[in-house]
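S.K.: model this:
(chains A and B)
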Amino acid sequence: MATDNKTADTDQLQEFRDNRDLKLQDKKNENLTTLNLGPTHPATHGIFQNILQMDGEVIMDAVPTIGYIHRAFEKIAERRPFYQITPLTDRMNYCSSPINNMGYHMTVEKLLGIEIPKRAQYIRVIMMELARISDHLICNSILGVDSGAFTGFLYVMQEREHIYDIYEEVCGARLTTNMGRIGGMERDLSPKALHLIGEFLKRFPKVWAEFEKMLTRNRIFIDRTVGVGAISAERALNYGFTGPNLRAAGVDYDVRVMNPYSSYEDFEFEIPVGEKGDTYDRFLVRNEEVWQSLKIIEQAYKNLPEGSYHADAPHYYLPPKQEVYTSMEALIYHFKIVMGEIDAPKGEVYHSVEGGNGELGFYLISDGGRTPYRLHFRRPCFIYYQAYTEMIKGGQLADAILTLSSLNVIAGELDA
Amino acid sequence: MELTNENVLGKLIAQFGEENIVDAYNPDGIMTFTTNRENIIALIQYLYDDKDLQVQFLTTMAGIHFPDHKGREMCMMYQLHSLRHNFRLRIKVFVPAEDPVLPTLTNIYATANWMEREAYDFYGFIFTGHPNLIRILNIEEMEYHPMLKQYPLEDQTREDKIDTYFGR
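M.R.: Below you'll find the predicted structure:
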């Protein structure tokens, strides 16, 4: 397999390999201690390794190694029919998988040119914002755990369970949701799901206010986080930061506002921004975003339009099961969709959504076949994690852990 | 100046010449055009520095492999974004498979570091001047670049798993 095409193994490659080995030898310094942080350390909340060069307690250099849970999604996606790719996207940022699912659906819908009814768009907004809440909730409560406050974590984790109950009612799964379909949602919101969302909207503000109260003005928490892992707006942009981490540095870039999708222009909400881009600012920005997400869900829940929950696109959207057994066309479409025999038109699209960690983009090239010719995921974690070395240099080891959890690096999204 | 695809394209052609900005098209609202590896860095630097454009955000980079295009098999896609004007554009550079060498972008964008490592890892692009061009997601010992089209997803000679319907 390896022998038939070694295009890249030119002299240049050999030359740069030699250079690299020289560089690695240079890095060895007798006075520094080498410390392995990870790959499976409980404080890293995921599998990534950092080889730290320590001068006492101070980090002088760090070499991150990633790829421990690389699953070749981009390669797999080139061999799967379009609808079979959604489950792959779940497994990227598994703390907010509905956002990934919807982002992928919207990309394919853009390629196919399908218009989605308002009701389906509003349902998607509700699910995406619930996902954002559960994502930020984990990040901020884990930040508490890493700085020594375990209580808040257990307290808000119960609310995540309630969000997962809503997912379960909407799509049947809790963590890897595979929610929605190309062309809309797989089913309408059931009365029970509506009831659960209503209950959540009533109960959650109290819980989140209490969680905020516990940490925001907590002296120990402030001492541990203010000024830790700071990054300037300029560096953050240069490193391709997006999402809450960029906004904490003071840049108000939010895909939901700049390039609205799925009817986000209908809702009123604010973009919280920080100032210094340190761990404390990131914490505050995420806290405030949870409130804004609640505001969006409330508006979408109150104004949920009537109508269909899916587009009228029989070539791409599975027909109802009872029709499959009674109508010939439905049976044919069902068979063709499930077998992946539906060809997509030729095209090239990029679509991005505001994921839990930033701009989650999908770059899709279709050559007119049943599978994408190329599907590239712009994973925000992968892009901003490379700044981690710069952010922790000169700080202490315990601060590096806090910086890592406040960046909310999700191993699944990092490695894809 | 209001930034429209035509405006920006005209400006770039005036600056770099018609032979260096070719195949401009607009597949999804994002202007896409092709340039060559001699001009790519100067072009991106120009977009970065220009007062009217301020294209200062590298959204993503993706390698693409077209084995049927003789002499221009490997494609590198750069997608840039001007956050000030909310203007996106996409630049493609085609290079032959025997010589997949491109200049590095790390001097302009720090974020290009890992993106280029990923492109090297999966497609075998070599970026001259890159500070640390090693594999990033795959193991170091790997001897090929797995996203190239000649490598099938699974070993096609496997007999324990015959399933011709589900895309294998």
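S.K.: what segments of the stretch 251-400 of chain A are helices?
M.R.: A:255-258, A:279-302, A:321-326, A:328-338, A:380-384, A:388-392, A:397-407 (DSSP state H, counting those that start in this stretch).
S.K.: give me the below-cutoff pLDDT ranges for the stretch 1-150 of chain A.
M.R.: Filtered on pLDDT under 70, the stretch 1-150 of chain A yields the residue ranges A:1-30.
S.K.: quick check: the residue of the stretch 151-300 of chain A nearest chain B.
M.R.: Chain B sits closest to A:Gly240 of the stretch 151-300 of chain A, with a gap of 3.3 Å, by C-beta to the nearest C-beta. C-beta here means a position set from N, CA and C on the backbone, and glycine is covered the same way.
S.K.: let me know the pLDDT of the nearest residue to that residue once chain neighbours are set aside.
M.R.: With sequence-adjacent residues excluded and distances taken as C-beta to C-beta, 6 or more residues apart in numbering or on different chains, A:Gly240 is closest to B:Thr111, at 3.3 Å. Looking at B:Thr111, its pLDDT reads 93.
S.K.: so what's the closest residue to A:Glu298 other than its chain neighbours up against?
M.R.: Nearest non-adjacent residue to A:Glu298, counting by C-beta to C-beta, 6+ apart: A:Leu201, 5.9 Å away. Contacts for A:Leu201 (C-beta atoms under 8 Å, 6 or more residues apart in numbering or on different chains) come out as A:Leu294, A:Ile297, A:Glu298, A:Tyr301.
S.K.: show the buried residues in the residues you listed.
M.R.: A:Leu294, A:Ile297, A:Glu298, A:Tyr301 (16 or more other C-beta atoms under 10 Å in any protein chain shown).
S.K.: give me the number of residues near the closest residue to the second one other than its chain neighbours?
M.R.: Nearest in space to A:Ile297, with sequence neighbours left out and distances taken as C-beta to C-beta, 6+ apart, is A:Glu129 at 4.9 Å. A:Glu129 is surrounded by 28 other residues when neighbours are defined as other C-beta atoms under 10 Å in any protein chain shown.
S.K.: that older thread, which SS class is the residue nearest to A:Glu298?
M.R.: helix (DSSP: H, G, I helix; E, B strand; the rest coil).
S.K.: one step back: let me have the buried ones among the contacts of A:Leu201 in a markdown table, extended by pLDDT.
M.R.: Formatted as a markdown table, the buried ones among the contacts of A:Leu201 follow (pLDDT from 0 to 100):
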| residue | pLDDT |
| --- | --- |
| A:Leu294 | 95 |
| A:Ile297 | 95 |
| A:Glu298 | 94 |
| A:Tyr301 | 94 |
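S.K.: low-confidence bits of chain B, can you list those?
M.R.: For chain B, the ranges with pLDDT under 70 are B:1, B:154-168.
S.K.: residue ranges for the helices of it, please.
M.R.: Per DSSP state H, chain B has helices spanning B:5-16, B:40-49, B:112-123. These are given in chain order.
S.K.: can you give me the buried ones in the shortest one?
M.R.: Of all the residues in helix B:40-49, those buried under the rule 16+ other C-beta under 10 Å are B:Ile40, B:Ile41, B:Leu43, B:Ile44, B:Tyr46, B:Leu47, B:Tyr48.
S.K.: as JSON lines, the helices of the stretch 251-400 of chain A with distance to B:Met115 would be great.
M.R.: Below are the helices of the stretch 251-400 of chain A laid out as JSON lines (distance: least, C-beta to C-beta, whole Å):
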{"stretch": "helix A:255-258", "distance to B:Met115": "19"}
{"stretch": "helix A:279-302", "distance to B:Met115": "23"}
{"stretch": "helix A:321-326", "distance to B:Met115": "44"}
{"stretch": "helix A:328-338", "distance to B:Met115": "35"}
{"stretch": "helix A:380-384", "distance to B:Met115": "7"}
{"stretch": "helix A:388-392", "distance to B:Met115": "16"}
{"stretch": "helix A:397-407", "distance to B:Met115": "18"}
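S.K.: re earlier: export the buried residues of helix B:40-49 to TSV and tack on distance to chain A?
M.R.: Listed next are those as TSV, based on distance: C-beta to the nearest C-beta, whole Å:
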residue	distance to chain A
B:Ile40	18
B:Ile41	16
B:Leu43	18
B:Ile44	13
B:Tyr46	17
B:Leu47	14
B:Tyr48	10
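S.K.: and of those residues, the nearest to A:Leu246?
M.R.: B:Tyr48 (17.9 Å; C-beta to C-beta).
S.K.: what about that closest one, distance to A:Met258?
M.R.: 19 Å (C-beta to C-beta, to the nearest Å).
S.K.: any idea how many residues pack against residue 53?
M.R.: Answering for chain A, as no chain was given. 19.
S.K.: can you look at chain B instead?
M.R.: Neighbour number of B:Leu53 under other C-beta under 10 Å is 22.
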